[in-house]
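1. pasting the sequence and the predicted model now:
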Amino acid sequence: MNIKSGLTLNNSFVIEGPLSSRGGTASVYLARPINRPDLKAAVKFAHSDGRNVVDEDVLLRHEASLLCRPDWRHPGILRLYPIIHLNKAQYVLRATGVENEPSFFMMEYLPGKTLTEWMDKVVKYSFDWKIEFLYQLATTLAFIHSKGYGHRDIKPDNILFRAAPTPTFVPQPVLIDFALASDGKSALSLIEASYTLEYASPERVMKASGLIPEEFSLKPEPQDIWSFGLLVYELFTGSLPFRGTAKDIRTTLIGRSFDEKYIKENPNLPNDIADFIRAILKPDPEKRPTMRRIIDLLEQKYRPPRV
């Protein structure tokens, strides 16, 4: 994508440089509003490399349509900023003057980096640190589920921190990239067919493989809960339970051939956390706990009382 530092977009802000490239459908850049150069913002562009331009535009606009809603304001959800264009506040615009004129939106800038970038350090942090992180993430997911939606792409790449974590400080984790979020009724087949294999639920992989009829809608909330369970495992062990090639992982998930050896034989996994993971990683989505129930378990059994 031909977006250079110093580029002025829509007479609204100046691009300073790339922040990252998250996923296959968008790139994120640091920018400063022209009328407030003391502020920083992040600008997310749909990729415009000539392939799947329409699909990527659809995903970006879908994401913006959710994040701009006033009732979606939450400290654990990235906030979008309106852009004044033609005397009207808008959330998605075309980048005029850029090749293929990709769609973009402006959002808050968070300096804390992603969980992926911090994982090597935080896996060494204390039990209480990990529980507090999971509790904060669970409350955000419960909020999203209360709106009738699931994020459907929970993974370390999609979790940003509002500040740098330390062994004694758990900054607010913030969910990003809602391009695949769904209420289970979406008519956008592109959204339903996309997933990250390593964190995908068995039913998601089965449907993508044609083993569940196309007309059958999957509930989005249990998909998030499965991904949350994998994240718990990864946070305490530094790895994911299902390993091997993509084919191996698909075979395991589709066959629901889960071997508890990955829990029993991992010395880094405390016994009570192993029980917690077993309760979450149920092959049958109807048997997984709700996110509200997960929060209750964290509060009652694991989370230290707050004075």
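-> Good, I have the coordinates.
2. now do the helices in the stretch 151-300 of the chain.
-> 189-193, 202-208, 220-237, 246-255, 261-264, 271-280, 291-297 (DSSP state H, counting those that start in this stretch).
3. single out the most deeply packed of those.
-> helix 220-237 (a mean of 23; mean count of other C-beta atoms under 10 Å). C-beta: built from backbone N, CA, C; applies to glycine.
4. same for that one, what does it pack against?
-> helix 127-146, helix 202-208, helix 271-280, helix 291-297 (3 or more C-beta pairs under 8 Å, 6 or more residues apart in numbering; DSSP states H and E).
5. rerun that using 6 Å as the cut-off
-> Contact analysis of helix 220-237 by 3 or more C-beta pairs under 6 Å, 6 or more residues apart in numbering; DSSP states H and E lists helix 127-146, helix 271-280 as its packing neighbours.
6. name the SS class of Ser65, please.
-> helix (DSSP: H, G, I helix; E, B strand; the rest coil).
7. and it, how close does it get to Ala179?
-> 11 Å (C-beta to C-beta, to the nearest Å).
8. domain ranges for this protein?
-> Domain ranges of the chain: 8-108, 115-302, per automatic domain parsing.
9. turn the ones you listed into a markdown table, columns for mean pLDDT.
-> Shown next, in a markdown table, are the domains of the chain (pLDDT from 0 to 100):
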| stretch | mean pLDDT |
| --- | --- |
| domain 8-108 | 84 |
| domain 115-302 | 88 |
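10. related to what we said a few turns ago, of Ser65 and Ala179, who's got more company?
-> Ala179 (27 against 14; other C-beta atoms under 10 Å).
11. quick one: residues contacting that one.
-> Leu59, Glu63 (C-beta atoms under 6 Å, 6 or more residues apart in numbering).
12. try it again with 7 Å
-> Thr25, Leu59, Leu60, His62, Glu63 (C-beta atoms under 7 Å, 6 or more residues apart in numbering).
13. over to Lys40?
-> Contacts of Lys40 by C-beta under 7 Å, 6+ apart are Leu30, Arg32, Tyr109.
14. at the geometric centre of the protein, which residue do we find?
-> Asn158 (3.6 Å; C-alpha atoms, centre = their mean).
15. distance of the residue nearest to that one when sequence neighbours are not counted from Ala42?
-> Leaving aside its sequence neighbours, Asn158 sits nearest to Asp177 (C-beta to C-beta, 6 or more residues apart in numbering; 4.7 Å). Applying C-beta to C-beta, the value for Asp177 to Ala42 is 12 Å.
16. what do you get for Tyr149?
-> From Tyr149 to Ala42 the distance is 22 Å (C-beta to C-beta).
17. show me what counts as buried in stretch 56-65.
-> Glu56, Asp57, Val58, Leu59, Leu60, His62, Glu63, Ala64 (16 or more other C-beta atoms under 10 Å).
18. for the second one, phi and psi?
-> When quoted as degrees, to the nearest 10, the phi and psi of Asp57 stand at phi -70, psi -40.
19. quick check: it touching Ala46?
-> Yes - the pair Asp57 / Ala46 is scored as a contact, 5.0 Å apart, by C-beta atoms under 7 Å.
20. what is in contact with these two at once?
-> Ser103.
21. on that earlier part again, quick check: the farthest pair among the contacts of Ala179?
-> Greatest spatial distance in these: Thr25 and His62, 10.7 Å, computed using C-beta to C-beta.
22. Asp128: neighbour count?
-> Residues lying near Asp128 (other C-beta under 10 Å) number 13.
23. that one and Pro167, how far apart?
-> 10 Å.
24. distance check, the residue nearest to Gly244 when sequence neighbours are not counted against Phe161.
-> Spatial nearest neighbour of Gly244, excluding adjacent residues (C-beta to C-beta, 6+ apart): Thr252 at 7.8 Å. Using C-beta to C-beta, we find Thr252 at a distance of 31 Å from Phe161.
25. how would you label Glu117: helix, strand or coil?
-> helix.
26. so what's the residue count around it?
-> So Glu117, with other C-beta under 10 Å, has 14 neighbours.
27. returning to that earlier point: next, format the buried residues of stretch 56-65 as JSON lines and append distance to Arg293.
-> Shown next, in JSON lines, are these (distance: C-beta to C-beta, whole Å):
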{"residue": "Glu56", "distance to Arg293": "36"}
{"residue": "Asp57", "distance to Arg293": "38"}
{"residue": "Val58", "distance to Arg293": "34"}
{"residue": "Leu59", "distance to Arg293": "31"}
{"residue": "Leu60", "distance to Arg293": "33"}
{"residue": "His62", "distance to Arg293": "29"}
{"residue": "Glu63", "distance to Arg293": "28"}
{"residue": "Ala64", "distance to Arg293": "31"}
